[in-house]
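Trainee: One predicted model, sequence on top.
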Amino acid sequence: MVRPPHARRRVGIMGGTFDPIHHGHLVAASEVADVFGLDEVLFVPTGAQPFKSERRVAPAEHRYLMAVIATASNPRFSVSRVDIDRPGTTFTIDTLRDVRASLPEAELFFITGADALGQILTWKDAQELFELAHFIGVTRPGHSLDDEGLPSGDVSLLEVPALAISSTDCRARVLAGKPVWYLVPDGVVQYIAKHGLYAPEHADRAPEAQEVTA
Ligand SMILES: Nc1ncnc2c1ncn2[C@@H]1O[C@H](COP(=O)(O)OP(=O)(O)OP(=O)(O)O)[C@@H](O)[C@H]1O
Ligand SMILES: O=C(O)c1ccc[n+]([C@@H]2O[C@H](COP(=O)([O-])O)[C@@H](O)[C@H]2O)c1
């Protein structure tokens, strides 16, 4: 994308539980950054996600550090602590307000997979979300990408390389003793093993890996 000089900085925001971060997240962010000419993508791990309150989630600090490891080699990727440092339930409206406050001049793009895009109208202060960022819905295997009911002009849809990977499947594989090599970055494979994440047999060695945070 050709950019005029002095154009506003274009910043993508990829929010997620990232339990753990995997190559599906990274490919989606990379493709959006390329197609929309983003200067930077901020990965924003959630604190307590409102739709996952019944589920055990790895402690935020582990999910944050895995995101840091996964994005370290890409100069355009970084990880934000705004959601994990804010007490209480994570709502995207707060994420966007906080990022807007720290980057007042930037154009913001919120990146979301097809599954999450389909739920946006149920999110807190849904109508105001579209005043704070342009939303980009990306394809995800097993989900249909649809912007029905969403404000036209505020949402774009993008086909990204299809990776049928989910964090749920990665956790289940670790629990079953199966490899997650090539589903998540190498450093994340090693981080999961080092801290005994997702494997109950390691609970006595690494109790911090089994905390309930959401
Ligand atoms: N394979 C994928 N391709 C495209 N987008 C994805 C993919 N996996 C996740 N996303 C998107 O990334 C964001 C964060 O996803 P999340 O951290 O919940 O991962 P997940 O794999 O869906 O996790 P879980 O299986 O635990 O629900 C969401 O917008 C989701 O739609
Ligand atoms: O704001 C809300 O009400 C809301 C409800 C559910 C999910 N979200 C956001 O959706 C993004 C993807 O969430 P998740 O848990 O599917 O990874 C993440 O940034 C969440 O904060 C936001």
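Mentor: Thanks, I have it. Ligands and ions are numbered 1, 2, ... in the order given.
Trainee: any idea of the pLDDT on the residue in the chain positioned nearest to ligand 2?
Mentor: Going by C-beta to the nearest ligand atom, ligand 2 is nearest to Gly15 of the chain, at 2.0 Å. All C-beta atoms are positioned from the backbone trio N, CA, C, and that covers glycine. Confidence at Gly15, expressed as pLDDT, is 98.
Trainee: Touching, it and Asp83? I think so.
Mentor: Yes. If you go by C-beta atoms under 8 Å, Gly15 and Asp83 touch, sitting 7.1 Å apart.
Trainee: shared neighbours of these two, anything?
Mentor: 44, 46, 90, 95 (C-beta atoms under 8 Å, 6 or more residues apart in numbering).
Trainee: quick one, phi/psi of the residue of the chain closest to ligand 2?
Mentor: phi -90, psi 150 (degrees, to the nearest 10).
Trainee: what's the closest non-adjacent residue to it?
Mentor: Val44 (4.6 Å; C-beta to C-beta, 6 or more residues apart in numbering).
Trainee: Equivalent analysis for Glu128, please.
Mentor: Ile93 (6.1 Å).
Trainee: now Val184
Mentor: His22 (4.7 Å).
Trainee: Next one: that neighbour relative to Ala176, how far apart?
Mentor: Using C-beta to C-beta, to the nearest Å, one gets 16 Å for the distance from His22 to Ala176.
Trainee: Specify which residue of these two has the higher count of neighbours.
Mentor: More neighbours surround His22 than the other of His22 and Ala176, with 24 against 9 (other C-beta atoms under 10 Å).
Trainee: What parts of this protein come near ligand 2?
Mentor: Taking C-beta under 6 Å from any ligand atom as the measure of proximity, the chain contacts ligand 2 at 15-17, 46, 49-52, 90-93, 116, 123-124.
Trainee: Give me the buried positions along the helix or strand containing Ala29.
Mentor: Using DSSP states H and E, Ala29 falls within helix 23-35. Judged by neighbour count (16 or more other C-beta atoms under 10 Å), helix 23-35 contains these buried residues: 23-33.
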